[in-house]
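Novice: Sequence first, predicted coordinates after that:
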Amino acid sequence: MTRFLTLSILLTGLAAPALAQDRTFACTMTEACRTDGGNCQPEDLTYNFTLNPTTGAGEMEQREGNFFDGHVYDSDGALHFLFVNAAGAELATISEEGPIVFTGNMAVGRDMLHYRLNGTCRETTGGAGRK
């Protein structure tokens with residue numbers, strides 16, 4: 001029995017830990033609303049996300065090719081990406097069905113900007129084929 005327990009403990013210690021799965025999304029923002037939530041205009045902006053809800057790590061690539069690291073949260077069929085820097089904060093919420101809402105509050109000079117982008121995402125994780 002002692003040999004069995006020793007072997008079990010050794011095998012458990014040698015087992016590879018489960019790897020956290022990155023989920024990637026290609027998102028197209030089709031509407032941009034600025035300031036007071038009104039003043040909405042059609043847009044064609046591309047954002048890409050690499051999100052890992054297991055580790056909480058995420059990365060966003062904006063249309064200009066700028067990369068931003070942030071935190072990922074998973075809640076009831078949606079992934080949330082939170083990016084915070086010295087100018088403000090941005091939050092992207094991607095639902096399992098594909099819609100995305102991206103909101104931001106940033107200080108630019110003496111102005112405080114509030115904006116919302118609406119669009120859809122397609123999951124590209126390993127050719128997942130979702131919206």
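Specialist: Nice, I can see it. Residues are numbered from 1 along each chain as shown.
Novice: ok, the residue nearest the centre of the chain to E96 distance?
Specialist: Nearest to the mean C-alpha position of the chain, by CA atoms, centre = their mean, lies F81 at 3.9 Å. As for F81, its distance to E96 is 15 Å (criterion: CB to CB, to the nearest Å). Using the backbone N, CA and C atoms, a C-beta is placed for each residue, glycine as well.
Novice: thinking again about what came up before, are we agreed that the residue nearest to the centre of the chain is in a strand?
Specialist: Yes: F81: assigned to a strand according to DSSP: H, G, I helix; E, B strand; the rest coil.
Novice: Surely it is in contact with H71?
Specialist: Yes: here F81 reaches H71: they are 7.4 Å apart, a contact under CB atoms under 8 Å.
Novice: Can you list the low-confidence ranges for this structure?
Specialist: Residue ranges of the chain with pLDDT under 70: 1-20, 36-38, 127-131.
Novice: can we see that at 90?
Specialist: 1-21, 34-39, 62-66, 76-77, 96-97, 108-113, 125-131 (pLDDT under 90).
Novice: Distance of F102 relative to Y115?
Specialist: Taking CB to CB, one finds F102 at 8 Å from Y115.
Novice: Oops, could you answer that again for P53 instead?
Specialist: Counting by CB to CB, the gap from P53 to Y115 is 25 Å.
Novice: Likewise for F25?
Specialist: 20 Å.
Novice: between those two, which one's more packed in?
Specialist: F25 (25 against 16; other CB atoms under 10 Å).
Novice: Is it correct that that one is in contact with F49?
Specialist: Yes: when contacts are counted by CB under 8 Å, F25 is listed as touching F49 (4.5 Å).
Novice: joint contacts of the two?
Specialist: 94, 121 (CB atoms under 8 Å, 6 or more residues apart in numbering).
Novice: residue boundaries of the helices in the chain?
Specialist: Per DSSP state H, the chain carries helices over the ranges 2-14.
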